[in-house]
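**Q** The sequence isn't on hand, but the structure is:
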């Protein structure tokens, strides 16, 4: 699945763990993460010092991730090491893949969620 995330070119690392479905949402989020620092006009760096905001280079990058959105359950379905799991699908049509949690046997046996998870897993395997 093609997704979008903010990348901090100033520090050469992702600016956030969130992956967005639409590029325009990632662009809007860029404004949100800078907002708390506008008054001071400086961006704090991981090394402990800061730089002027105008030197901060945040870009939206496109990434590919094997994931399927299961909108009825408000989760994103992914596999790690052959294990099926989910991450919460958040308001703003985004999610953090680091929030992935393996599905339990109870999740998979649930009469409503189990079949939905199974269909999502099939979509994952087929690349849709």
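**A** Ah, there it is. Since the structure is predicted, the reported quantities are computational estimates derived from the model, not experimental observations.

**Q** Bridging across strands, which residues link to the residue positioned nearest the centre of the chain?
**A** By C-alpha atoms, centre = their mean, the chain has its centre lying nearest to residue 19, at 2.6 Å. Taking DSSP bridges as the rule, residue 19 bridges to residue 95.

**Q** which stretches of the chain form helices?
**A** In the chain, the helices defined using DSSP state H lie at 23-34, 105-109, 113-126.

**Q** Tell me which of those helices lies nearest to residue 65.
**A** Closest of the helices of the chain to residue 65 is helix 113-126, at 10.6 Å (criterion: C-beta to C-beta). No exception for glycine: its C-beta is placed from N, CA and C like everyone else's.

**Q** which residues does residue 90 contact?
**A** If you count contacts by C-beta atoms under 8 Å, 6 or more residues apart in numbering, residue 90 has them with 18, 96.

**Q** so what pLDDT did it get?
**A** Note for residue 90: predicted pLDDT of 96.
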